[in-house]
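1. Need coordinates for the below:
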Amino acid sequence: MTNTQHPASKSTTLDPNQTSYFGLNIPFLDHLGVVPGYAQDGKSRISLELKPEFTNSFAVAHGGLIMTLLDFAMAAAARSAAKHPLGVITIDMTTSFLRPSIGKIVVEGSLLKAGKTVHYCEAVVLNDAGQITAKASGTFTLRR
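-> Below is the predicted model:
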């Protein structure tokens, strides 16, 4: 049996050709073109310009894309409050879709409560008019 290391346990060193997501190298977000805004004091903000390939059959943002953005915004908020250099792991996430997301998508995450091992967060997706198009709550644990 070969002793191989699981890819998730590898170091998260930054590739200078990729975007830094608040100190982490996240190729999937880089591939999508997510723009990091800030992550500090339990708050975060990211954005994405919706592309046709990210839409569903109704020509609006695909729900999976929106959930990805909500998940990361909450995780970034959790990490920022704990000043945690490693990532966090999503334990659970509940999402509500309120209206279609089109154009520039802005996502704001916030930490509701930080525990020793579990953090409770929420995030909202905003459209160009500042309306909430989706929201989520999630539970996260700090990666050790």
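2. Quick one: residues contacting His62.
-> Shown in contact with His62 (C-beta atoms under 8 Å, 6 or more residues apart in numbering): Phe54, Thr55, Asn56. Placement of C-beta: from N, CA and C, glycine included.
3. what's the answer for Thr94, then?
-> Ala136, Ser137, Gly138.
4. Dihedrals phi and psi, the spatially most central residue of the chain?
-> Centroid-nearest residue in the chain, with C-alpha atoms, centre = their mean: Phe72, separated by 1.1 Å. Main-chain dihedrals, Phe72, degrees, to the nearest 10: phi -70, psi -40.
5. re the thing from before, just among the contacts of Thr94, which is most surrounded?
-> Using other C-beta atoms under 10 Å as the neighbour test, the contacts of Thr94 are led by Gly138, with 25 neighbours.
6. who does the helix or strand containing it touch, helix- and strand-wise?
-> Using DSSP states H and E, the element containing Gly138 is strand 132-142. For strand 132-142, the packing partners by 3 or more C-beta pairs under 8 Å, 6 or more residues apart in numbering; DSSP states H and E come out as helix 63-82, strand 88-97, strand 118-126.
7. Tell me which of those sits most buried.
-> Highest mean neighbour count of the helices and strands packed on strand 132-142: helix 63-82, a mean of 23 (counted as mean count of other C-beta atoms under 10 Å).
8. Ala61 and Val34, how far apart?
-> 13 Å (C-beta to C-beta, to the nearest Å).
9. meant to ask about Met93
-> In terms of C-beta to C-beta, Met93 sits 17 Å off from Val34.
10. related to what we said a few turns ago, contact partners for the residue nearest to the centre of the chain?
-> Tyr21, Ile26, Leu29, Val34, Ile46, Val107, Gly109.
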